[in-house]
Each structure stands twice: as C-alpha cells, then as structure tokens.
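Peer 1: just the structure for this:
(chains A and B)
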2 protein chains.
Amino acid sequence: MASSKISMGEYLWRRIASLGIEHAFGVPGDFNLTLLDEIYKVPELSWLGTCNELNGAYAADGYARIAGRPAALLTTYGVGELSAMNGVAGAYAEQAGMIHLVGMTSRPQQTMKALIHHTMEPGMDHSIYIGMSEPVRKTHTFLWDDAIMAEEIDRVIIAGVKSRLPVFIYIPMDVVQVQLDASRLETPLDTTIENDRAVENKVVQSILEAIKSAKNPVVLADVLTTRHGGRELARELVEITNYQSFSTPLSKGIIDEDHPSYGGLYNGSVSFPGVAEAVESSDLVLNLGPLLSDSNTGGFSRAVKDENLIFLGHAYCQIREKTYENIHFLPVLKRIVEELKKEPKIYNIPSTHSKDKIQPPVLSSITSGKIVQSYCWQRLGKFLQPNDIVLAESGTAQFGMPDATFPKNTRYITQIFWSSIGYTVGATLGALVAQKELKLPGRVVLIVGEGSLQMTVQELGSYIRFGFHPIIFVINNNGYSIERAINGPTQRYNEVSMLWDHQKMLELFGAREETGRKSKSWKVESVEEMEKALGEMRKEEGTINLCEIVMEEFDYPWRLNAQLVVGRAKAKVLAGSFSAKPPGVLKPN
Amino acid sequence: MASSKISMGEYLWRRIASLGIEHAFGVPGDFNLTLLDEIYKVPELSWLGTCNELNGAYAADGYARIAGRPAALLTTYGVGELSAMNGVAGAYAEQAGMIHLVGMTSRPQQTMKALIHHTMEPGMDHSIYIGMSEPVRKTHTFLWDDAIMAEEIDRVIIAGVKSRLPVFIYIPMDVVQVQLDASRLETPLDTTIENDRAVENKVVQSILEAIKSAKNPVVLADVLTTRHGGRELARELVEITNYQSFSTPLSKGIIDEDHPSYGGLYNGSVSFPGVAEAVESSDLVLNLGPLLSDSNTGGFSRAVKDENLIFLGHAYCQIREKTYENIHFLPVLKRIVEELKKEPKIYNIPSTHSKDKIQPPVLSSITSGKIVQSYCWQRLGKFLQPNDIVLAESGTAQFGMPDATFPKNTRYITQIFWSSIGYTVGATLGALVAQKELKLPGRVVLIVGEGSLQMTVQELGSYIRFGFHPIIFVINNNGYSIERAINGPTQRYNEVSMLWDHQKMLELFGAREETGRKSKSWKVESVEEMEKALGEMRKEEGTINLCEIVMEEFDYPWRLNAQLVVGRAKAKVLAGSFSAKPPGVLKPN
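Peer 2: Reported below is the predicted structural model:
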C-alpha cells in the first residue's frame, strides 16, 4: 500500500502544532504566501500578523517566555528575515528561542540567480542571507533536497525545543508543495532532555551529599531555570526545603515573594540590605539556571565563592570547583526534588523556614506631590494582583521594578541582558497570546518608557485588533533617562519627541466607541493623581487601559545609580591594565 | 614642532562634515554616547534622532537619494546595528549607500570577553556582529589599532562615497578619545571617480563612433545614473541631443516628462503603448545606469538587443557585444556630453527633436463615484508641482505612479528592487532633511499604503518634531493589496488592522494647536471628495497634510496585473526545466 502523502507546508505546520503552539506570528510576503495557505489546513493553528517583523520577533520571544515553548515566527526573504534579526538575537541571548520560518525565492529562481526583488546584485547567491543569521541561531535547515525535508524539519524543531535557542527553516517557495510521507507524523517529536546517565548520577549524588552536610543552604533561582522549563521544579524545591530563596533581576517572581522563605532579589552589591549578606554567607548556594551578565550580577559584583556553589546550568553543572560539561540541570533538578521529597530527614531538610524574612525597605512614604522613582515602583508592585504577567521595559522600569514586591505567582518579563529598547511592546503581544493559549488567569501589565514606546508603538494596534486588554503604564520622563544616567544627562541626543499625545493613543489604534473596543486613559503627574488612577483602573471588564506617569527626567532608580558606580570603578581598573595590541581572536580588518 | 592632535571622534565627524553632510541620523545607545558628545564640537553637524534604527536606516537611504551623497547613520552595539540591517541592505541593493557608524563595547571589555549587555553568551567574541553585516556593505573598518585609525576612517569614507554602497565603521567606545594627527584634515578626501585612462579613451571613442553612425538613437536613463551622480549629465545629454528619451520604474523623473524628447517609462512589455516599440526598435540605446531587476524590466520582458546596446554602468561598460570591466560611466558620460556639445555636427546631432511625443493614454475620465486605481495615480500626477520630491511606497503606489505624468524636475523615490514595505515613511524624513540642506524648492509628497504605514508609522512623529511639512497620502485599501494580487486575494493573512484612525494621526504625533504645529487631514472615498481635498491641500503655509484615500481592496494597478502575468508565465517555463539537485553554489546544510 502506498503511504499517504502530505505537502511539505502542511507537514511543517502540523509539526509546529504538535508542540502545543496555536498561533504563528509574523508578516506575509511574496515568498511565504503559499506556505501561509497551508496553515489553514491545520485547524489547531491561527495566523497572527504583526505590524512589522521586528515586533513579530519580539512577540515570538514574549510568547516563548510565558508559554514555555518556542513560538513560530514567519518572515519573508531578505527584507523580512533581516528586519527580525535584532529580535531573534535577543531570543538567542536570553534563550527564549523561536522557530523562524523564512520563505525564499523558488529553487529555479535561485539556480538561475535571478535578479528578483529582495536580492541585492546581479549573480548573487540567493542563500546569502542564511549566512548572516548564523550567530543568532542554534541550527538551521535550508529545504532543498526533497528526500530529506521531513527529517530536516523534525531535526531543527527538536533542536529548537531542547536548546531554547532560535532555529531557522528556510523554505524556497516551490518547496511548499513537495509531497512528504504523512506517516512520519504518527511518531511524535521526542524533545526529552537526557544526560549521560552515569555522569548525571554522579552529579545528583554529589549535590545530595552537599545538601546533607550544608549548614546554611540557600536557593538562588535565576532566569534560565524558567527558560529551560524548570520554574515549577524550582518553586517545589523551595516549598519542600524551606531553604531561604532568592531571585535575580532577570528571574524576579520565579519564587513567590510572599513565601516565608523568600529572601529577596540578589544582584551583587546592588541589592536591598541583608540580601547579599544572606546569599554570600551561605555555605551552599543552589544556583539554578544562572545568567551572569553585567546587569544581572550588579555590574559583576556578585560574590558567590566557588567553594560554596552548586551551579546548575543547561550547558554544564558545577559542584563547588568541579565542572560537569554537557549536563543539563533539568533532569538533575527533577531527581533532587524527588529524592528530597522522599527522604527529607536523611538530607536534614528543615520542616519549616528557620530565618526571619528579609523585609525590603520602604523607599518612600510620600502621599502627595511629584511622582518620584522611590515611590513609583513599590507602588506599582502593590497594584499588581496574583497571577499577573508583568513586562518591564529596558530603562528605568527595568531598574525600578526590582524594588517592587510581587504578589503570588507573578510572571515577570524583562530583557536586562539583551536590553533592546522597545522589546516589551512586542513581547506583550506574545505574552497575551500565550496567556490565552494556556488559559492563565491574571492581567497582562506593560510598563514602558515613552522613548522605548516610540520604537515599536504600532503593536498597541495589534493588542486592540486581536481583542486583548492589557494594562499599559507609560513612564513619561522626557527622553532616554537610562542614557542620561550613563552619559550626557543634559545632552540633546537623549531627548525624544515630547509632542506625542499618549492620551489619544488607544483611540487612534482602534479602541474607540465606534469600533466596540473600549479603552480608558489617564495622565498622572502627582501621587494623588496616580493613587486615584490606580484605584479606577480595570473597574470595567474588557477595557484596555493606559496610564501615563509623568516623572522628572533626572530622577533615576537607585539601582541604576548604584550599578553605574560599580561599573565605572571596574571600567577604570580595566582601562588601566589595557594595552591596545589587537588580540588574535579579534579581526581588525 | 609637535603636530596638533584631535580626538578620533571629532576627526570622524569632521571628515563626515567635509562631504557636505549637515545631519547625522540614528539612535543613541550606551556604546555610542561618547561618540555623540564629539559631534557637538563640529558646528556644521547636527544630530537627528529617529524613533528606531530601521527607520534611521531608511532615513539615511532617502537622504542619500536626494542629497547625492551618503548619509551618516549611527547605531549602537548589537541591538542597534542589527535593527538597522534590513534598511542597510536596501541601501546596498539600490546603491543609496550610507556611512554606518557603530558604537561598540570598549577594547578592554572586548579583550576580556565580558558578558556585557548586548552580547549573547559567555566567552563570545564581541566582534561577532561585524561578520553578520558583511554581505550588505562595500567595506568596513574596526577601529582597534591607534596607529592606523585616521587612515582607516579616510579609506572607508572614500569607498562609501565612490561606491554608493554602505560602509561600516566600528568604534569601541574607548577609542573615541584616542588622539589623532589633526593635520590630516588639511588634505581633503579625494572621492573622484577615475578610470584606466587608456581603456576609457577606447570606450569614449567607440561610443562616439556608434553615435555618429546611428540612425535612431535613444537615451534610456535608469536609476543608477542618479545614484552615481550622473543625473544632471543625463538631463544635459537629452537636452543637447534631442534624442528620444526614456526612464524606468526606478528612474522615473530623471528626464523631465514635459521635455519634447521624453518618450515615456520603459518597463519591457509592461509599458504604455508605443514605448517598448520605440526603445526596442532603436539601433542605438544609450542605456545609462541600468538596474535590471524583475520589476524594473517588466518581469524580465525588456527586449533591448546587445547589438543595439550601449550599457553605461558603474562597474562596467558594454558597447554592443563588447564589455569593458571596471569602467565607471561617470567620467565617460561627462566626456561624451562635452564632445557632443563641442562638435554636434560631426556626430549628426539633430538640432531639434524629430519624433512625435508618445502621449500616455488617459486611463480614466471619471469625475464622480468610487476612487479607482485607473483614476488615482494620473490624478496625483496632476496634483504635483515642479520641483516636488515624491516617494511612492512598495505596493500599489509603486505600480500605480508610473501612470502619472510628472511636472518638471520632479525627484522620485521608490524602492521597487529591494521592496521593503514601510521604507518610504523613513525615507521621507531623509528626503526632507536633504531638501533642507540643499535648499531645494518644492514640496515633499509621500504616497503610502495603510499596511506599509503600520510598519514604520512612528516616524511621522519625527517629521513633526523637526518642523517639516510633507504632504502624506495614505492609500487605505484594506490590507496588503499587492500581496492579494500575487496570492490569496481573500486570505486573511493579507489583512491588516482596519481600526486605525488616520484622521487623528498627525494630531497624536504632535501637530496640534497647543504645540504650535499645524496639520490638516482629509478622508476621501469618492472622486468628488478627492478633487475637493486636492484643491484645499497646502493652502496654508507651514502645515503638514494627510489625505486618506479609500480604495477597493481587489482593485489593482494594471501594471501590477500585467507584470504578474509575465512573471507567472516565466515561472512556469522555469519550473518545467528545473531539477532539484542541489547546485554547488548553494549550501543546503
């Protein structure tokens, strides 16, 4: 009996749907339209067009962070894939991942090197753009040979799910109708993370022994825990051990902040009083999913000694001074949690939390007058409700929100490592979609500066178009305040247009009476106005809200100032020891 | 005597100013702020911040097309340079060029491979992004070695001016204060285009001989003529020879369309009646600056035989069947024009035009009812005034505007080769800046579809912020009409949000009574309304105008339909002869 056939396009979409994905993001273009036609054959999937490709990539990234699986992003040849590049790079840096599908010129057009639109010059190899994305992906496939297309699609998708890094599938437009063996679809993709069992055993045993003998163990749960699917395990570990627990600027919210064991956000010397001391004095820091970038370590002021460290990463694990390459923390953590649950006494697991809770200081007790940084962020923290998804944009929001105390099960998105401004506006769309797919309760709250908003503002229109109701806070403080803090506080290059009317924005993009989409906007310039607005927000169901918070342009979050002091001191030391001889690894021409 | 010193940063800005450039575009970021500080030392230069980097690149491209010199674009490490990528690629494909300055992490940070924000993973070579841009530039320099910085800056800028392709200068932030020899600035950059003189002599002689013996010579002036500085020469050639002359979709406007010799826009079989016949029957087609892409040749239906062709390109010249590599048309054309002016009789130059003017057909004579494609573009042509700068966005505007007849000295920008939608919204800012710098008369008129506008809409705010007053036509036809024509006319993926209120757009972005920036907007759904609006527009000086033109979603310009017919026929032939064996030049993994 001849096996049944399926078009390459439908095969691809079915594999994507099999991951649980229900929406694909992106922008249509000549070279991906026939692939898009195939999506309608897969009822589990819907197309969700964004205003542009960069925003589409940001949305895909935001989706992945909430859904816990890579998103599908579709762009077109040249113009589309290159526009998305920065968004893809961010998903690489912060390991959100995505499956990036790129529609290309047809194989016949490529073979004759036709000077088709979106190519650049006569005789150009049409596959030239494939090379440009190489550093921002785990792997790719360029679908050319009919015989290996199906297995290539599978290979690349599996790699994307396991690595949490972007992967690319390049699809010449004539390839969409190549007929593949449909029976392959009966075998689900195997995306299980597996380690070398012998080495894993050793790692697990060593950790358990360390735990058994530790006097003062703590859990420091960082962001890659969440990215690699370990969020629930991390929460369970804290729950069953009662160890004092900590988050980082990138992982804030991973541990419930009202949990009795929660100690605070650890960011080296840029932490609230008592936090660094607690982490750094521990004789066993169970550090899950660390991402040790400058702004996630208080400008490299983190001071956890190797002799006290259990580093559980996705690429390697480290137990004190010993490193185990290619051991992924996920199976390890799973076994640790199981073992501790089974035999808590053997491992000296306390039956209750033993430390006093480290209380974050109240930074401001003002009740009137100008809205200042020391008031704003802690107040926004109080505005949040359990299960909210919160996005804090690069800049003051990102350096301010660590001051807030989150309610239970807050999911937090910030991009303090890649730090591409405008990111959260696109990512919010993705978070909204993921929330819908996963039927998560809670609101989606975006906090974005007016300069960052100007980067990607059009995507507000997509929230409205697709019927979402996020809450948007626009921090209006006259320009790029984070840049003012870094250099040139009064230089004109740190200014942005202050002529925009944020109060009309939701209406302009579609939330008006005549469209049946409700919106409400506020502009607050004083504490009194802000308190009033926060009280009024989301009184009405199904309404998109925007609150513009006016703050002073030279008022910066204390964490930003503190980190800059650390950073400048380090830069000075570094510069003193630098010699400008080009090292071999660099390529100055 | 010790020679005087100048900081690398100031040196660079002074060299840029020496090209006549008065504004630099881009977005500030941590790693370019100290370089930006130096711009204020050069009073000839101003900083002009765009809302995002892609729009900045588009603005730089638009600037170059009007100013006739590359623009300066400044972005920051990683996030900025990658966001600009698609815009830079477009400037490469269509040879607008730009000098792209990228601020990087400091040399000490790079040497220690610090996990600074905007890098991607531990141990990463910070220069990795430099490799990603390689295909979209002529050359680059990575300023590392103090000793060669000044000459490297000079080399790269000269290459950018001569090639009209993007060039990149990568600037680690500590390098800005390296002290360079200021006396170099006393020697201006030499950007003269020079050919091998012996070969050039031969080319010039051959062309003059061909002209002498030609019975029916025509001038076909294409877009690279303008890009490489030959616009005025081309116009002079037509003026002195009275040869029948033609433009292309990309070069429209290069020859005054009211000139008695002007025959029309040649686009292979997708041309007005009589045009293709006139070009293709000529025994000597003086083809200046050709760019032979699909949409600039009527889907490759151009039929100029080599035996009748003089191809004057920037990379080579071709005289009938003979090719002369590395001969740039500019010095050649200059000598030809001089020679013909000096000795018109020797070369049988007619003293007046000899052919009847090919009149473009009137496509529609409707005076009421729905606005249709056949009416819209020719009507917009009549709205234009001499010296206007017109930008037609990819899509229906781009395929429609060739129907219009332009008044004298219209400068036209369209990107039908690279075809990145949203491009013109950024490019308009650049065109406005260039117009101001060059003190050109005329208005700047942007024609953009609502889907393309959604890509890059924020830059409207920059027009207003910087005090410009363009006229904006928004073609509102419910989605990506060009894509509907290509594939899936009723598929939902070709839809965009139809909830935006274009009538409030200028106000939202800042042109309101209270800001002192005046605006006026119209929405027209019938011919009567459009006639009325066109009559009212720009009555008031210093007012930014927006006219939303509502058209039917399945109404396409005839040229789009015609080209698709040609393209589909060719694709069918091509597919029939294709075998899916991967050719060596391609890299399927």
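
Peer 1: show me the helices in the stretch 451-589 of chain A, by range?
Peer 2: Ranges of helices in the stretch 451-589 of chain A, per DSSP state H, counting those that start in this stretch, are A:460-465, A:481-486, A:505-508, A:527-536, A:558-576.

Peer 1: same list, those, but as JSON lines with mean neighbour count please.
Peer 2: Where C-beta positions appear, they are placed from N, C-alpha and C, glycine not excepted. Output for the helices of the stretch 451-589 of chain A, formatted as JSON lines (neighbours: other CB atoms under 10 Å in any protein chain shown):
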{"stretch": "helix A:460-465", "mean neighbour count": "25"}
{"stretch": "helix A:481-486", "mean neighbour count": "23"}
{"stretch": "helix A:505-508", "mean neighbour count": "23"}
{"stretch": "helix A:527-536", "mean neighbour count": "16"}
{"stretch": "helix A:558-576", "mean neighbour count": "16"}
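
Peer 1: make TSV out of the ones you listed and add distance to B:Ile148 and mean pLDDT.
Peer 2: Below are the helices of the stretch 451-589 of chain A laid out as TSV (distance: least, CB to CB, whole Å; pLDDT from 0 to 100):
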stretch	distance to B:Ile148	mean pLDDT
helix A:460-465	48	98
helix A:481-486	29	91
helix A:505-508	49	98
helix A:527-536	55	97
helix A:558-576	21	91
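
Peer 1: closest to B:Ala17 out of those helices?
Peer 2: B:Ala17 lies closest, by CB to CB, to one member of the helices of the stretch 451-589 of chain A: helix A:481-486, at 24.0 Å.

Peer 1: ok, residues contacting that closest one?
Peer 2: A:394-396, A:399, A:449, A:490, A:494, A:553-556, A:560-561, A:564, B:28-30, B:33 (CB atoms under 8 Å, 6 or more residues apart in numbering or on different chains).

Peer 1: and chain A, what are its domains?
Peer 2: A:5-186, A:197-342, A:373-565 (automatic domain parsing).

Peer 1: so which of those domains is the most packed in?
Peer 2: The highest mean neighbour count among the domains of chain A, using mean count of other CB atoms under 10 Å in any protein chain shown, belongs to domain A:5-186: a mean of 23.

Peer 1: what helix or strand does the closest residue to A:Leu189 other than its chain neighbours sit in?
Peer 2: Spatially, and ignoring its direct neighbours in sequence, A:Leu189 is nearest to A:Ile158 (5.4 Å; CB to CB, 6 or more residues apart in numbering or on different chains). In the assignment (DSSP states H and E), A:Ile158 maps to helix A:149-163.

Peer 1: where does A:Leu286 fall, phi/psi-wise?
Peer 2: Phi and psi for A:Leu286, reported as degrees, to the nearest 10, are phi -80, psi 100.

Peer 1: contacts only, for it.
Peer 2: Neighbours of A:Leu286 in contact, by CB under 8 Å, 6+ apart: A:Ile207, A:Ile211, A:Pro217, A:Val218, A:Val219, A:Leu220, A:Leu237, A:Tyr243, A:Ile310, A:Leu312.

Peer 1: now A:Leu330
Peer 2: Contact analysis of A:Leu330 by CB under 8 Å, 6+ apart lists A:Ile193, A:His228, A:Gly229, A:Gly230, A:Leu233, A:His314.

Peer 1: and the helices in the stretch 151-300 of chain A, which stretches?
Peer 2: A:197-213, A:223-227, A:231-241, A:275-280.

Peer 1: for chain B, find the nearest of the ones you listed.
Peer 2: helix A:223-227 (11.3 Å; CB to the nearest CB).

Peer 1: that closest one packs against which elements?
Peer 2: Counting contacts by 3 or more CB pairs under 8 Å, 6 or more residues apart in numbering or on different chains; DSSP states H and E, helix A:223-227 is packed against helix A:231-241.

Peer 1: what mean pLDDT does the helix it packs on have?
Peer 2: In this model, helix A:231-241 carries a mean pLDDT of 97.

Peer 1: how about stretch A:327-341?
Peer 2: Stretch A:327-341 comes out at a mean pLDDT of 98.

Peer 1: stretch A:138-153 now?
Peer 2: So the average pLDDT for stretch A:138-153 ends up being 98.

Peer 1: what's opposite the spatially closest residue to A:Glu152 that is not a sequence neighbour in the beta bridge?
Peer 2: Nearest in space to A:Glu152, with sequence neighbours left out and distances taken as CB to CB, 6+ apart, is A:Thr141 at 4.0 Å. Beta bridges link A:Thr141 to A:Ile169 when assigned by DSSP bridges.

Peer 1: rewinding a little: using CSV, lay out the domains of chain A together with distance to B:Asp258.
Peer 2: Shown next, in CSV, are the domains of chain A (distance: least, CB to CB, whole Å):
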stretch, distance to B:Asp258
domain A:5-186, 30
domain A:197-342, 61
domain A:373-565, 39
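
Peer 1: B:Val270 is nearest to which of the ones you listed?
Peer 2: With CB to CB as the criterion, B:Val270 lies closest to domain A:5-186 of the domains of chain A, at 14.3 Å.

Peer 1: ends of that closest one, what's the gap?
Peer 2: With CA to CA, to the nearest Å applied, domain A:5-186 spans 13 Å between its terminal residues.

Peer 1: now that domain, how far from the centre of its chain.
Peer 2: Its chain's C-alpha centre and that of domain A:5-186 lie 20 Å apart, by CA atoms, centre = their mean, to the nearest Å.

Peer 1: which SS class is the closest residue to A:Ile153 other than its chain neighbours?
Peer 2: Sequence neighbours aside, A:Leu12 is the residue nearest to A:Ile153 in space, at 5.6 Å (criterion: CB to CB, 6+ apart). Under DSSP: H, G, I helix; E, B strand; the rest coil, A:Leu12 falls in the helix class.

Peer 1: surely A:Leu12 touches A:Leu101?
Peer 2: Yes. Between A:Leu12 and A:Leu101 there is a contact at 7.2 Å, judged by CB atoms under 8 Å.

Peer 1: for chain B, what's its nearest residue on the stretch 351-500 of chain A.
Peer 2: Counting by CB to the nearest CB, the stretch 351-500 of chain A gets nearest to chain B through A:Leu499 (2.7 Å).

Peer 1: picking that back up, which residues touch the residue nearest to A:Leu189?
Peer 2: A:Leu189, A:Asp190, A:Thr191.

Peer 1: now do A:Val203 against A:Leu233, distance only.
Peer 2: 15 Å (CB to CB, to the nearest Å).
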